[in-house]
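> Got a predicted model here, sequence first, then my questions.
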Amino acid sequence: MKIGLVGFAGSGKTTVFNTMTGLDVPVGFGGEVRLGTVRVPDERIDKLSAMFNPKKTTYAEMSFCDVPGEHGAEKKGLSSRGLQQIRDQEALCLVLRDFDNPALEGDPDPQGDLDAFHHECIFADLEIVERKLERAKKERADALEIAAFEKVLASLEEEQPIRAIPETELDRSLLRGYGMLTDRPLLVALNRGEDRAAEPMPDALAARIVELQAAGLTLSASVEADIAGLDAEEQAEFLEDLGLSEPAITRFIQTAYGLLDLIAFFTIGEDEVRAWPIRRNLNARKAAGRIHSDLERGFIRAEIMPYDVFMEYGSEAAVKDAGKFQVEGKDYVMSDGDIMSVRFNV
Ligand SMILES: Nc1nc2c(ncn2[C@@H]2O[C@H](COP(=O)(O)OP(=O)(O)OP(=O)(O)O)[C@@H](O)[C@H]2O)c(=O)[nH]1
Ligand SMILES: [Mg+2]
């Protein structure tokens with residue numbers, strides 16, 4: 001599961017990538033696709049860790065992929081190689097340049113870049129869908145399958161992304177494996193120069209992002225890079241000078257994590273406080289399997305305390321006294337923030 005940082009040349013992708021991963025990939029001009037691991041900040045884990053003072057604290061992690069832009073005079077298209085690199089990603093974070101980059105020609109045009117990127121993805125999907133439909137009709141494929149692709153075709157012809165088609169109107173499992181781009185979850189990050197870091201996103205751009213059923217936020221990659229090495233107090237001072245209340249990178253990572261439709265459950269104790277990322281709607285037994293396959297195989301029951309409940313009462317004993325301790329079977333559907341302990345027997 002990885003999220004791609006994508007966008008046109010010199011928009012600040014590698015700067016964001018370095019800040020998140022702590023790596024030191026050279027910025028500027030191309031380079032290769034890089035994969036890095038990012039810790040997902042979680043205030044709940046901070047608090048649990050402060051309570052238990054465990055030997056080890058483990059946050060959820062996710063992978064980001066830095067996909068280089070394609071350089072060339074005013075190049076706003078995507079080559080087939082570029083498209084392939086984007087297809088490899090499960091969700092997309094489009095970084096839009098909204099600062100003067102002396103290495104590039106032309107003024108920043110984030111809205112134009114968003115539309116250009118969107119159109120490239122629409123064209124790429126159209127090509128796939130048209131080819132598929134042609135073949136499907138020749139081979140007299142399943143009527144439902146043909147109908148689904150026709151639905152997608154109609155949407156794309158109106159320049160609507162596939163992700164905007166309501167869940168009830170399209171069986172998305174039929175599209176799996178075709179490498180379509182406009183059905184991927186999308187986060188649009190407006191990358192600002194430091195002097196304008198605190199300005200809100202322009203209304204027109206925000207509206208366009210909503211239209212595309214994407215999430216949006218602003219950040220200044222260079223500000224984030226500058227504060228990454230500072231301690232909390234210095235960070236706060238630096239940000240205040242710029243009119244900012246908190247680093248943007250935390251929200252960026254959390255929003256990106258949300259794109260994957262992941263939640264987390266927690267395990268607690270003196271040895272380790274840990275967040276375990278899982279897909280939404282996973283059952284307790286499968287979730288136990290994330291910790292260890294023995295826990296899934298020999299699963300007896302799950303003991304659950306929702307994070308908020310645990311914090312309200314302050315200890316397991318108090319949660320039990322209040323009658324809020326949950327004993328659940330294998331089919332229990334996990335909720336975000338469940339603190340779980342598994343009883344098992346192998
Ligand atoms: N002023 C300013 N400069 C930035 C910002 N973000 C990135 N830059 C600069 O813009 C240049 C390009 O940044 P990169 O992070 O390499 O951009 P990229 O999107 O990875 O570029 P490619 O991989 O070549 O597509 C570098 O010189 C960065 O220092 C920003 O928020 N403000
Ligand atoms: Mg780069």
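Alright, I've got the coordinates. Ligands and ions are numbered 1, 2, ... in the order given.
> Grab the nearest non-local neighbour of the residue of the stretch 1-150 of the chain found nearest ligand 1.
Nearest to ligand 1 in the stretch 1-150 of the chain, going by C-beta to the nearest ligand atom, is Gly69, at a distance of 2.7 Å. For every residue, glycine as well, the C-beta is placed using N, CA and C. Leaving aside its chain neighbours, Gly69 sits nearest to Ala9 (3.5 Å; criterion: C-beta to C-beta, 6 or more residues apart in numbering).
> Also Pro161?
Thr182 (3.6 Å).
> I figured the residue nearest to Gly69 hits Leu104, correct?
Yes: the pair Ala9 / Leu104 is scored as a contact, 6.7 Å apart, by C-beta atoms under 8 Å.
> Quickly note the distance from the residue of the stretch 1-150 of the chain closest to ligand 1 to Arg87.
16 Å (C-beta to C-beta, to the nearest Å).
> Could you check which of the two has the larger neighbour count?
Neighbour totals were compared for Gly69 and Arg87, and Gly69 leads with 25 against 14 (other C-beta atoms under 10 Å).
> element containing Phe266?
Using DSSP states H and E, Phe266 sits within strand 262-267.
> Within its local environment, how many residues does the residue nearest to Gly69 see?
Counted with other C-beta under 10 Å, Ala9 comes out at 20.
> before we move on, what SS does it have?
Following DSSP: H, G, I helix; E, B strand; the rest coil, we place Ala9 in the coil state.
> Quick one: residues contacting the closest residue in space to Asn345 that isn't next to it in sequence.
Nearest non-adjacent residue to Asn345, counting by C-beta to C-beta, 6+ apart: Gly298, 4.6 Å away. Residues in contact with Gly298 (C-beta atoms under 8 Å, 6 or more residues apart in numbering) are 344-346.
> Looks like Gly10 contacts Leu104 (just checking).
Yes: shown here, Gly10 and Leu104 form a contact pair, counting by C-beta under 8 Å, at 4.9 Å.
> quick one: the helices in the stretch 101-250 of the chain?
110-138, 143-157, 203-211, 221-227, 232-241, 249-259 (DSSP state H, counting those that start in this stretch).
> of the ones you listed, which approaches ligand 2 most closely?
helix 221-227 (10.8 Å; C-beta to the ion).
> what residue lies at the spatial centre of this protein?
Ala256 (2.3 Å; C-alpha atoms, centre = their mean).
> In contact with that residue: list those residues for me.
3, 62, 64, 91, 93, 187.
> so can I have JSON lines of those showing secondary structure and distance to ligand 1?
As requested, the contacts of Ala256 are exported to JSON lines (DSSP: H, G, I helix; E, B strand; the rest coil; distance: C-beta to the nearest ligand atom, whole Å):
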{"residue": "Ile3", "secondary structure": "strand", "distance to ligand 1": "15"}
{"residue": "Met62", "secondary structure": "strand", "distance to ligand 1": "19"}
{"residue": "Phe64", "secondary structure": "strand", "distance to ligand 1": "12"}
{"residue": "Ala91", "secondary structure": "strand", "distance to ligand 1": "18"}
{"residue": "Cys93", "secondary structure": "strand", "distance to ligand 1": "11"}
{"residue": "Leu187", "secondary structure": "strand", "distance to ligand 1": "15"}
